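# A predicted structure for the sequence below; I have some questions about it.
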Amino acid sequence: MADLNLQEIQETLISVVREAGRMIMSANPTDIATGTKLNSADIVTETDKAVETLVSSRLSKAYPSFAFIGEETYKPGMQVTAAPTFIVDPIDGTTNFVHGLPEACVSLGFAIDRVPAVGVVYNPYQDKLYTAIRGQGAFLTLGAAWGLEGGKGRVSKLPLSKNPAPLAGLDTCLVAAEWGSTRDGVNYDVKTEVFRKLCASKETGGAMVHSIRSLGSAALNLCAVAAGQLDVYWEGGCWAWDVCAAWAILREAGGIMASGNPGDWEPAIDSRKYLAVRGAPAGQREIVEEFWKVIGDGRMEYES
Ligand code: LIP
């Protein structure tokens, strides 16, 4: 696989997300058909499906020998293998899309040996394009579609700060976490208890984080951690297509990904339990260990 042209793959992915972004922006969520999957909080729209059709047809034409896994065509039992694979979410943040909240994106990842190698995440509402290629850094391009900088957009290397501060403890952190669509059982119990403990005062045994944010999109949460705007992101229940692209961006920005359950420093791409920490000159592993202590004996049990 050494001869794969990752730069060319990234250029293709960028061209696809731009086209997909125009499609999303031209859809009026109040007029489009909306359905549900596992339950009433697990939403899919005809735009999710149409964007996935666009993405899969463009990618299969450009790279017919590569495997493809997409959220809307996934069938139980499909596995991410070691083969070069596009792992895509046509709209990550579908709930926001349906409500007209401008935090949704097209998330196109490319993995080799089950490790993210290229990531392209595009929020068309804010014209924010996040990109990364293995070993080549991560970037945010702002405003290209709006004509900024002669149409090239304003390009910033990630993280946005040239001197990111060391991580000094969860009580200095802004943490992202999501409710997800599972609203009962052990997974819901673990989440609600961790949320409570993260915010509670030190005097009552809590971690006293600055606060918790939920952007409503795993990919955008991870990109914000890559950018250094959020310190930590914890989630259970999302899928490989929610994290593949942004994981490449996080890693290239100096961030790390551990498991959302305590004890595993090398989570699999499809493990469905993730804990991301921003790039920092010191304190990353200590933050993971402190977070795992907050989880304590709780364990999320999402099946991969
Ligand atoms: C969503 C995620 C979100 C998570 C939801 C869901 P969708 O993806 O990005 O962070 O909490 O469970 O997986 O459905 O908008 O593509």
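Great, that's in hand.

# partners of the one helix or strand residue 141 maps to in the sheet?
Under the criterion of DSSP states H and E, residue 141 resides in strand 138-142. Within its sheet, and counting by DSSP bridges, strand 138-142 is paired with strand 128-133 (antiparallel), strand 154-158 (antiparallel).

# Buried residues, stretch 230-242. List them.
Of the residues in stretch 230-242, 230-242 count as buried by neighbour count, 16 or more other CB atoms under 10 Å. The way it works is simple: take the backbone N, C-alpha and C, and place the C-beta from them, glycine included.

# ok, those residues vs residue 58, which is closest?
residue 241 (16.3 Å; CB to CB).

# Let me know the helix or strand that that closest one is in.
Short version, using DSSP H and E: residue 241 is in helix 240-252.

# Next, the angle from that helix to strand 128-133.
70 degrees (axes from the mean of the first three to the mean of the last three CA atoms, to 10 degrees).

# where's helix 240-252 relative to the chain centroid, distance-wise?
With CA atoms, centre = their mean, to the nearest Å as the basis, helix 240-252 stands 6 Å off its chain's centre.

# Dump that helix to CSV, restricted to CA.
Output of helix 240-252 as CSV, limited to C-alpha atoms (Å, rounded to 0.1, in the frame of the first residue of the first chain):
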residue,chain,number,x,y,z
ALA,A,240,-16.5,4.2,12.8
TRP,A,241,-18.0,6.6,10.2
ASP,A,242,-18.6,9.2,13.0
VAL,A,243,-14.9,9.1,14.0
CYS,A,244,-12.7,7.9,11.1
ALA,A,245,-12.1,11.2,9.3
ALA,A,246,-11.8,13.4,12.4
TRP,A,247,-9.5,10.8,14.1
ALA,A,248,-6.9,11.4,11.3
ILE,A,249,-7.3,15.1,11.9
LEU,A,250,-7.0,14.8,15.7
ARG,A,251,-3.9,12.6,15.5
GLU,A,252,-2.2,15.0,13.0
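
# secondary structure element for the closest residue to residue 186 other than its chain neighbours?
Spatially, and ignoring its direct neighbours in sequence, residue 186 is nearest to residue 301 (5.6 Å; CB to CB, 6 or more residues apart in numbering). According to DSSP H and E, residue 301 maps onto no helix or strand at all.
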